[in-house]
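K.L.:
next come a sequence and a model predicted from it.
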Amino acid sequence: MEIRQACSPKEAKRFNTDELRGNFLFERLFQEGVIQMTYSHIDRTVVGGAVPLAEPLPLVSNKQIGSPGFLDRREIGIFNIGGDATITAGDEDFDLTRTDCLYLPKGGAEVTFASADAGNPARLYFVSTPAHQRTKAKKITAKDANRIDLGTQPDANIRVLRQYIHPDVCQSCQLVMGMTMIEDGSVWNTMPCHSHDRRSEVYLYFDMAQGTRVVHLMGEPDETRHLFVDNEQAVISPGWSIHSGVGTGRYGFIWSMAGDNQDFDDMDFVAMGDLR
Ligand SMILES: O=C[C@H](O)[C@@H](O)CC(=O)C(=O)O
Ligand SMILES: [Zn+2]
(Lines give C-alpha, C1' and ligand atoms only; values in the text may rest on other atoms or scores of the structure.)
(Ligands and ions follow the chains in the order given, each with its own letter.)
Protein backbone atom coordinates (compact mmCIF):
# COMPACT_ATOMS: atom_id res chain seq x y z
CA MET A 1 0.00 0.00 0.00
CA GLU A 2 1.39 3.36 -1.05
CA ILE A 3 1.36 6.11 1.62
CA ARG A 4 0.82 9.74 0.69
CA GLN A 5 1.24 12.67 3.04
CA ALA A 6 -1.25 15.49 2.92
CA CYS A 7 0.25 18.64 1.47
CA SER A 8 -0.54 22.28 1.95
CA PRO A 9 -1.66 24.70 -0.75
CA LYS A 10 1.60 26.61 -0.15
CA GLU A 11 3.73 23.71 -1.42
CA ALA A 12 1.19 22.49 -3.97
CA LYS A 13 1.35 25.74 -5.92
CA ARG A 14 5.11 25.19 -6.47
CA PHE A 15 4.68 21.62 -7.82
CA ASN A 16 5.70 20.73 -11.34
CA THR A 17 3.53 18.35 -13.36
CA ASP A 18 5.09 15.12 -12.00
CA GLU A 19 4.84 16.33 -8.41
CA LEU A 20 1.24 17.38 -8.91
CA ARG A 21 0.39 13.98 -10.40
CA GLY A 22 2.38 12.09 -7.75
CA ASN A 23 0.53 13.82 -4.93
CA PHE A 24 -3.02 13.98 -6.24
CA LEU A 25 -3.56 11.44 -9.05
CA PHE A 26 -4.11 7.69 -8.61
CA GLU A 27 -2.90 6.34 -11.94
CA ARG A 28 -2.96 2.54 -11.61
CA LEU A 29 -5.90 1.49 -9.49
CA PHE A 30 -6.98 -1.51 -11.55
CA GLN A 31 -4.55 -4.37 -11.99
CA GLU A 32 -5.71 -7.89 -12.77
CA GLY A 33 -5.65 -10.34 -9.89
CA VAL A 34 -4.73 -7.87 -7.15
CA ILE A 35 -6.15 -5.28 -4.77
CA GLN A 36 -4.31 -1.98 -5.25
CA MET A 37 -4.55 0.61 -2.45
CA THR A 38 -3.18 4.01 -1.56
CA TYR A 39 -3.42 5.50 1.92
CA SER A 40 -3.76 9.27 1.81
CA HIS A 41 -3.30 11.32 4.97
CA ILE A 42 -6.00 13.65 3.61
CA ASP A 43 -8.80 12.55 5.97
CA ARG A 44 -6.98 9.15 6.20
CA THR A 45 -8.73 8.11 3.02
CA VAL A 46 -7.82 4.76 1.47
CA VAL A 47 -8.47 4.71 -2.29
CA GLY A 48 -8.32 1.38 -4.06
CA GLY A 49 -9.20 -0.86 -6.95
CA ALA A 50 -9.60 -4.62 -7.25
CA VAL A 51 -9.87 -6.83 -10.31
CA PRO A 52 -10.50 -10.38 -9.07
CA LEU A 53 -9.93 -13.14 -11.64
CA ALA A 54 -10.46 -16.86 -10.89
CA GLU A 55 -9.29 -16.48 -7.25
CA PRO A 56 -11.33 -14.34 -4.81
CA LEU A 57 -9.30 -11.49 -3.29
CA PRO A 58 -9.42 -10.94 0.49
CA LEU A 59 -9.35 -7.35 1.78
CA VAL A 60 -6.63 -7.66 4.38
CA SER A 61 -5.37 -5.21 6.97
CA ASN A 62 -1.75 -4.13 7.29
CA LYS A 63 0.62 -2.05 9.41
CA GLN A 64 -0.75 1.26 8.08
CA ILE A 65 -4.35 0.33 8.91
CA GLY A 66 -3.06 -0.83 12.29
CA SER A 67 -5.91 -3.07 13.43
CA PRO A 68 -6.38 -6.84 12.91
CA GLY A 69 -9.30 -6.46 10.49
CA PHE A 70 -9.49 -3.86 7.70
CA LEU A 71 -12.95 -2.72 8.84
CA ASP A 72 -12.34 -2.85 12.63
CA ARG A 73 -12.17 0.95 12.76
CA ARG A 74 -13.14 1.88 9.17
CA GLU A 75 -16.09 1.96 6.81
CA ILE A 76 -15.96 1.36 3.06
CA GLY A 77 -17.95 2.13 -0.07
CA ILE A 78 -17.40 -0.14 -3.08
CA PHE A 79 -18.64 0.51 -6.65
CA ASN A 80 -18.53 -2.09 -9.39
CA ILE A 81 -17.60 -0.62 -12.79
CA GLY A 82 -16.85 -3.95 -14.50
CA GLY A 83 -18.33 -7.44 -14.92
CA ASP A 84 -20.53 -9.10 -12.28
CA ALA A 85 -19.07 -9.33 -8.79
CA THR A 86 -19.81 -11.06 -5.52
CA ILE A 87 -18.60 -9.40 -2.35
CA THR A 88 -18.61 -11.55 0.76
CA ALA A 89 -18.73 -9.75 4.10
CA GLY A 90 -18.71 -12.22 6.99
CA ASP A 91 -21.48 -14.71 6.18
CA GLU A 92 -23.34 -12.41 3.77
CA ASP A 93 -22.92 -12.41 -0.02
CA PHE A 94 -23.74 -9.33 -2.09
CA ASP A 95 -23.99 -9.57 -5.89
CA LEU A 96 -23.02 -6.35 -7.67
CA THR A 97 -23.53 -5.63 -11.34
CA ARG A 98 -22.03 -2.56 -13.05
CA THR A 99 -22.88 0.72 -11.22
CA ASP A 100 -24.11 -1.10 -8.08
CA CYS A 101 -22.57 0.01 -4.80
CA LEU A 102 -22.03 -1.75 -1.49
CA TYR A 103 -21.62 0.06 1.81
CA LEU A 104 -19.97 -1.86 4.64
CA PRO A 105 -19.86 -0.36 8.11
CA LYS A 106 -17.17 -0.37 10.77
CA GLY A 107 -16.78 -3.68 12.52
CA GLY A 108 -17.54 -5.84 9.52
CA ALA A 109 -16.05 -9.32 9.35
CA GLU A 110 -13.72 -10.62 6.62
CA VAL A 111 -14.37 -9.14 3.18
CA THR A 112 -13.55 -10.87 -0.10
CA PHE A 113 -13.99 -9.72 -3.69
CA ALA A 114 -14.86 -12.22 -6.45
CA SER A 115 -15.73 -12.05 -10.14
CA ALA A 116 -18.55 -14.16 -11.61
CA ASP A 117 -16.54 -14.59 -14.83
CA ALA A 118 -12.75 -14.25 -14.89
CA GLY A 119 -13.06 -13.58 -18.65
CA ASN A 120 -15.08 -10.43 -17.91
CA PRO A 121 -13.84 -9.57 -14.42
CA ALA A 122 -15.41 -7.20 -11.93
CA ARG A 123 -13.66 -3.86 -11.53
CA LEU A 124 -14.24 -2.77 -7.96
CA TYR A 125 -13.44 0.78 -6.95
CA PHE A 126 -13.47 1.56 -3.24
CA VAL A 127 -12.94 4.37 -0.78
CA SER A 128 -12.51 3.72 2.93
CA THR A 129 -12.40 6.25 5.77
CA PRO A 130 -12.08 5.98 9.57
CA ALA A 131 -15.37 5.36 11.38
CA HIS A 132 -16.36 5.53 15.04
CA GLN A 133 -19.95 4.41 14.61
CA ARG A 134 -21.35 1.17 13.22
CA THR A 135 -24.34 1.38 10.88
CA LYS A 136 -25.72 -1.32 8.56
CA ALA A 137 -24.33 -2.96 5.43
CA LYS A 138 -26.37 -2.01 2.39
CA LYS A 139 -26.33 -2.69 -1.33
CA ILE A 140 -27.47 0.35 -3.31
CA THR A 141 -28.32 0.20 -7.02
CA ALA A 142 -28.54 3.19 -9.41
CA LYS A 143 -32.34 2.99 -9.00
CA ASP A 144 -32.11 3.13 -5.19
CA ALA A 145 -29.88 6.20 -5.30
CA ASN A 146 -31.19 9.72 -4.92
CA ARG A 147 -31.29 11.14 -8.48
CA ILE A 148 -30.57 14.81 -9.19
CA ASP A 149 -30.69 16.22 -12.73
CA LEU A 150 -28.25 19.06 -13.24
CA GLY A 151 -26.98 21.44 -15.90
CA THR A 152 -28.20 23.03 -19.11
CA GLN A 153 -27.30 22.62 -22.76
CA PRO A 154 -25.96 26.16 -23.25
CA ASP A 155 -23.63 25.52 -20.30
CA ALA A 156 -22.60 22.13 -21.82
CA ASN A 157 -22.98 20.50 -18.39
CA ILE A 158 -26.13 18.35 -18.50
CA ARG A 159 -25.56 15.44 -16.12
CA VAL A 160 -27.33 13.04 -13.79
CA LEU A 161 -25.99 12.92 -10.25
CA ARG A 162 -26.87 9.94 -8.07
CA GLN A 163 -26.31 9.97 -4.32
CA TYR A 164 -25.76 6.38 -3.14
CA ILE A 165 -24.13 6.60 0.28
CA HIS A 166 -25.95 9.66 1.55
CA PRO A 167 -28.05 10.24 4.70
CA ASP A 168 -31.32 9.98 2.68
CA VAL A 169 -30.37 6.59 1.17
CA CYS A 170 -27.80 4.76 3.31
CA GLN A 171 -26.57 5.70 6.77
CA SER A 172 -22.80 5.84 7.23
CA CYS A 173 -20.42 7.36 9.75
CA GLN A 174 -18.69 10.00 7.59
CA LEU A 175 -18.42 8.60 4.05
CA VAL A 176 -20.66 10.07 1.33
CA MET A 177 -20.50 8.58 -2.19
CA GLY A 178 -22.23 8.77 -5.51
CA MET A 179 -21.94 8.75 -9.26
CA THR A 180 -22.39 11.47 -11.86
CA MET A 181 -22.85 10.65 -15.56
CA ILE A 182 -22.35 13.40 -18.13
CA GLU A 183 -24.90 13.46 -20.94
CA ASP A 184 -23.51 12.88 -24.45
CA GLY A 185 -22.60 16.26 -25.93
CA SER A 186 -22.11 17.87 -22.53
CA VAL A 187 -18.56 18.18 -21.25
CA TRP A 188 -18.35 20.01 -17.92
CA ASN A 189 -18.76 18.73 -14.39
CA THR A 190 -19.18 21.11 -11.49
CA MET A 191 -18.59 24.40 -13.32
CA PRO A 192 -19.17 26.98 -11.83
CA CYS A 193 -16.98 25.24 -9.28
CA HIS A 194 -16.77 25.11 -5.52
CA SER A 195 -14.66 23.97 -2.63
CA HIS A 196 -15.69 22.73 0.84
CA ASP A 197 -13.01 22.93 3.50
CA ARG A 198 -15.24 20.78 5.72
CA ARG A 199 -14.79 17.78 3.42
CA SER A 200 -12.16 16.36 1.11
CA GLU A 201 -13.30 14.64 -2.06
CA VAL A 202 -12.07 11.91 -4.43
CA TYR A 203 -13.15 11.68 -8.08
CA LEU A 204 -12.75 8.46 -10.09
CA TYR A 205 -13.24 9.18 -13.78
CA PHE A 206 -14.57 6.23 -15.80
CA ASP A 207 -16.66 5.10 -18.78
CA MET A 208 -14.25 6.83 -21.18
CA ALA A 209 -13.32 5.63 -24.66
CA GLN A 210 -9.67 5.10 -25.51
CA GLY A 211 -8.03 8.43 -26.25
CA THR A 212 -10.52 10.46 -24.23
CA ARG A 213 -9.07 12.56 -21.41
CA VAL A 214 -10.65 14.62 -18.68
CA VAL A 215 -8.86 17.86 -17.92
CA HIS A 216 -9.34 17.95 -14.16
CA LEU A 217 -9.05 21.36 -12.54
CA MET A 218 -7.74 21.70 -8.99
CA GLY A 219 -5.95 24.13 -6.67
CA GLU A 220 -6.99 27.21 -4.80
CA PRO A 221 -9.43 29.35 -6.82
CA ASP A 222 -6.76 31.97 -7.50
CA GLU A 223 -4.01 29.34 -8.14
CA THR A 224 -5.62 26.71 -10.35
CA ARG A 225 -3.77 23.75 -11.84
CA HIS A 226 -4.84 20.99 -14.20
CA LEU A 227 -4.28 17.25 -14.58
CA PHE A 228 -4.86 15.22 -17.74
CA VAL A 229 -6.77 12.19 -16.45
CA ASP A 230 -7.20 8.89 -18.30
CA ASN A 231 -10.02 6.37 -17.93
CA GLU A 232 -10.30 4.74 -14.46
CA GLN A 233 -7.89 7.12 -12.76
CA ALA A 234 -8.78 9.03 -9.60
CA VAL A 235 -7.89 12.45 -8.19
CA ILE A 236 -7.98 13.50 -4.54
CA SER A 237 -9.12 16.97 -3.70
CA PRO A 238 -8.10 18.47 -0.33
CA GLY A 239 -10.58 20.82 1.37
CA TRP A 240 -8.72 23.87 0.06
CA SER A 241 -8.98 22.80 -3.60
CA ILE A 242 -11.60 23.28 -6.25
CA HIS A 243 -12.53 20.11 -8.18
CA SER A 244 -14.03 20.32 -11.61
CA GLY A 245 -13.34 18.87 -15.01
CA VAL A 246 -14.01 18.97 -18.71
CA GLY A 247 -13.94 15.91 -20.96
CA THR A 248 -12.76 15.56 -24.54
CA GLY A 249 -15.40 12.82 -24.90
CA ARG A 250 -17.93 10.80 -22.95
CA TYR A 251 -17.23 10.19 -19.24
CA GLY A 252 -18.71 9.72 -15.82
CA PHE A 253 -17.26 9.87 -12.35
CA ILE A 254 -17.69 8.38 -8.91
CA TRP A 255 -17.23 10.93 -6.17
CA SER A 256 -16.71 10.38 -2.48
CA MET A 257 -16.39 12.76 0.40
CA ALA A 258 -15.28 12.55 4.02
CA GLY A 259 -14.84 15.11 6.76
CA ASP A 260 -16.76 17.27 9.19
CA ASN A 261 -20.24 16.97 7.76
CA GLN A 262 -22.39 14.94 5.37
CA ASP A 263 -24.25 18.01 4.14
CA PHE A 264 -23.96 17.56 0.36
CA ASP A 265 -25.06 21.14 -0.36
CA ASP A 266 -22.48 22.70 1.96
CA MET A 267 -20.31 24.12 -0.83
CA ASP A 268 -18.47 27.42 -1.14
CA PHE A 269 -19.14 28.47 -4.72
CA VAL A 270 -16.41 30.35 -6.52
CA ALA A 271 -17.42 33.32 -8.64
CA MET A 272 -16.18 32.97 -12.24
CA GLY A 273 -14.33 36.28 -11.92
CA ASP A 274 -12.30 34.95 -8.95
CA LEU A 275 -10.77 32.02 -10.89
CA ARG A 276 -7.16 32.40 -11.94
O1 LIG B 1 -19.50 18.34 -3.52
C2 LIG B 1 -20.03 17.71 -4.48
C3 LIG B 1 -19.16 17.15 -5.48
O4 LIG B 1 -18.21 18.05 -5.93
C5 LIG B 1 -19.78 16.38 -6.64
O6 LIG B 1 -20.73 15.57 -6.18
C7 LIG B 1 -20.32 17.27 -7.74
C8 LIG B 1 -20.88 16.49 -8.86
O9 LIG B 1 -20.92 15.29 -8.87
C10 LIG B 1 -21.42 17.23 -10.01
O11 LIG B 1 -21.50 18.46 -9.92
O12 LIG B 1 -21.74 16.60 -11.01
ZN1 LIG C 1 -17.39 19.06 -4.08
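P.N.:
Thanks, I have the structure now. Numbering: from 1, shown residues only. Ligands and ions are numbered 1, 2, ... in the order given.

K.L.:
going by C-alpha atoms from here, please, whenever you check contacts or count neighbours.
P.N.:
OK.

K.L.:
get me the contact residues on this structure for ligand 1.
P.N.:
L161, T180, N189, T190, W255, F264 (CA under 6 Å from any ligand atom).

K.L.:
now do 8 Å
P.N.:
150, 159-161, 178-182, 189-191, 194-196, 201, 243-244, 253-257, 264-267 (CA under 8 Å from any ligand atom).

K.L.:
next, give phi and psi for the residue in the stretch 151-276 of the chain that ligand 1 sits nearest to.
P.N.:
Closest to ligand 1 within the stretch 151-276 of the chain is T190: 3.9 Å, counting by CA to the nearest ligand atom. Here is the backbone geometry of T190 (degrees, to the nearest 10): phi 50, psi 50.

K.L.:
what's near enough to touch A85?
P.N.:
D95, L96, T97, F113, A114, S115, A116, P121, A122 (CA atoms under 8 Å, 6 or more residues apart in numbering).

K.L.:
for PyMOL, what selects the buried ones among these?
P.N.:
Per 16 or more other CA atoms under 10 Å, the buried members of these correspond to this PyMOL selection:
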select buried, resi 95+96+97+113+114+115+116+121+122
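
K.L.:
so C170 sits in a helix?
P.N.:
No: C170 is assigned coil when assessed by DSSP: H, G, I helix; E, B strand; the rest coil, not a helix.

K.L.:
tell me who's in contact with it.
P.N.:
Applying CA under 8 Å, 6+ apart, the residues near C170 are Y103, K138, I140, Y164.

K.L.:
so which of the residues you listed comes closest to R276?
P.N.:
Distance to R276 across those (CA to CA) is lowest for Y164, with 33.2 Å.

K.L.:
pLDDT below threshold where in this structure?
P.N.:
Scanning the chain for pLDDT under 70 picks out no residues.

K.L.:
ok so T129 is a strand residue?
P.N.:
Yes: applying three-state DSSP, one finds T129 inside a strand.

K.L.:
partners of the nearest residue to S128 once chain neighbours are set aside in the sheet?
P.N.:
In this structure, S128 finds its nearest non-sequential neighbour in I76, 4.2 Å apart by CA to CA, 6 or more residues apart in numbering. In this structure, I76 bridges to L104, S128 when assessed by DSSP bridges.

K.L.:
so how far is ligand 1 from I76?
P.N.:
18 Å (CA to the nearest ligand atom, to the nearest Å).

K.L.:
wait, that residue sits on C101?
P.N.:
No: at 10.4 Å, I76 does not count as touching C101 under the criterion of CA atoms under 8 Å.

K.L.:
of those two, give the one with the bigger neighbour count.
P.N.:
Applying other CA atoms under 10 Å to I76 and C101 shows that C101 carries more neighbours, namely 29 against 24.

K.L.:
who's in contact with the more buried one?
P.N.:
So C101 contacts G77, I78, F79, N80, K139, I140, T141, Y164 (CA under 8 Å, 6+ apart).

K.L.:
ok, and the most crowded of these?
P.N.:
In terms of neighbours by other CA under 10 Å, those top out with Y164 at 30 neighbours.

K.L.:
for it, give its distance to T180.
P.N.:
Taking CA to CA, to the nearest Å as the measure, Y164 and T180 are separated by 11 Å.

K.L.:
now swap in Y39 and tell me
P.N.:
Y39 is 24 Å from T180, by CA to CA.

K.L.:
tally of neighbours for the residue in the stretch 1-150 of the chain that ligand 1 sits nearest to?
P.N.:
Of the residues in the stretch 1-150 of the chain, the one nearest ligand 1 is L150, at a distance of 7.3 Å by CA to the nearest ligand atom. Around L150 there are 14 other residues, counting by other CA under 10 Å.

K.L.:
next one: the one 4 residues further on
P.N.:
For P154, the tally of surrounding residues (other CA under 10 Å) stands at 8.

K.L.:
name the element it belongs to?
P.N.:
Here P154 sits in a region with no helix or strand, counting by DSSP states H and E.

K.L.:
from R21, how far out is the residue nearest to T17 when sequence neighbours are not counted?
P.N.:
Leaving aside its sequence neighbours, T17 sits nearest to L227 (CA to CA, 6+ apart; 8.0 Å). The gap separating L227 from R21 is 7 Å, by CA to CA.
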